[in-house]
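A.B. asks: the following block contains a protein sequence and its predicted model.
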Amino acid sequence: MTRSPSDRPEFTTVRSPTVGPVSPNNFVIAWKAPLEVGDDAVTELHLRDKNVYAYTRNDVVYSLGRGGGEIQYVAPVKASGGVLRPPVELKDRVVFPTATTMEIYRTNGKLDRRFPLDYSTRSPANGLENTLFVGLDYPRGGRIAAIDVSRQFANNRGELLTR
């Protein structure tokens, strides 16, 4: 079936309004946090419910209060495999997933414990209460693991195979 030129829909051009300069009063600095990183440099910022986490090139984590920018703690995190994934705030802990370990800190910045994983992480993690959900890199397909960080042993609460 062929269409004649009169059967074709008409298109009209809509022009968007010109975007002008932004008024200087539209942005306000709420707080500043002068971090003394020395020769190091901040490479990542992660905004969470309670805090802002600044990661440096040498895997030092600065935890800043979200409301006022006050430094909560400074923690050197061991990033196994050169991977330090975004933090997960849980009930009374903060977990820093790395390539092959979970670095678990108390909310005051003290290292609670570090536990190795059987398989490397493949994705950022998420959490609820005391359970951390993270993608693991299995040989024949990935899995999503549910890890209970409040338990000393038998942390793995279950896995879901994904393709």
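C.D. replies: Structure received. Residues are numbered from 1 along each chain as shown.
A.B. asks: lowest-confidence helix or strand of this protein?
C.D. replies: The least trusted helix or strand in the chain, going by mean pLDDT, DSSP states H and E, turns out to be strand 156-161, with a mean of 76.
A.B. asks: which other helices and strands does it contact?
C.D. replies: strand 143-148 (3 or more C-beta pairs under 8 Å, 6 or more residues apart in numbering; DSSP states H and E). Glycine gets a C-beta too; all of them are placed from N, C-alpha and C.
A.B. asks: next one: the strand it packs on to chain centre, how far?
C.D. replies: The chain centre lies 17 Å from the centre of strand 143-148; the measure is C-alpha atoms, centre = their mean, to the nearest Å.
A.B. asks: and stretch 108-118, how far from the chain's centre?
C.D. replies: The answer for stretch 108-118 is 17 Å, by C-alpha atoms, centre = their mean.
A.B. asks: okay, the residue nearest the centre of the chain: pLDDT?
C.D. replies: Closest to where the C-alpha atoms of the chain average out (C-alpha atoms, centre = their mean) is P86, at 2.8 Å. pLDDT for P86: 96.
A.B. asks: tell me where the chain has strands.
C.D. replies: 42-47, 51-56, 60-65, 71-76, 88-89, 93-97, 101-106, 111-116, 126-128, 131-136, 143-148, 156-161 (DSSP state E).
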